[in-house]
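Peer 1: I'd like to go over a predicted model; first the sequence, then the structure.
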Amino acid sequence: MSNESDLITIPVACRLLGGDDTPINPSTLWRWIKAGRYSPPIKVGAAAVRFKRSVLLAERDRGVAA
């Protein structure tokens, strides 16, 4: 089961991937998802999506190692 605190918004995901001082642009995140670098988010409502923090961190670390 997913822990609700593990679900993060797009702005939080951008800060997580780019850093607090220089977060990535949401357009960059969507471009990386389209390219297959990151998994698509979970749809939680009609116009709301969330990313799983643990999955995003694992994919980021896998990309850094490659």
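Peer 2: It's in. Numbers count the residues shown, from 1 in each chain.

Peer 1: backbone phi and psi for Val49, please?
Peer 2: Main-chain dihedrals, Val49, degrees, to the nearest 10: phi -130, psi 160.

Peer 1: and if you look at Thr22?
Peer 2: Dihedral pair for Thr22: phi -140, psi 70, per degrees, to the nearest 10.

Peer 1: i'd like the first residue to be 34 from this point on
Peer 2: Renumbered: residue one is now 34, and that last one reads Thr55.

Peer 1: roughly how far does it sit from Ile41?
Peer 2: Counting by Cβ to Cβ, to the nearest Å, the separation of Thr55 from Ile41 is 18 Å. For glycine as for every other residue, the C-beta is placed from the backbone atoms N, C-alpha and C.

Peer 1: ditto for Ile75
Peer 2: Relative to Ile41, Ile75 is positioned 10 Å away (Cβ to Cβ).

Peer 1: between these two, which contacts overlap?
Peer 2: Shared contacts of Ile75 and Ile41 (Cβ atoms under 8 Å, 6 or more residues apart in numbering): 83-85.

Peer 1: which of these fall in strands?
Peer 2: Counted as lying in strands by DSSP state E, out of the shared contacts of Ile75 and Ile41, are 83-85.

Peer 1: top of those residues by neighbour count?
Peer 2: For these, the largest number of neighbours (other Cβ atoms under 10 Å) sits with Phe84, at 26 neighbours.

Peer 1: so what pairs up with that residue in the strands?
Peer 2: Residues in a beta bridge with Phe84, per DSSP bridges, are Ile41.
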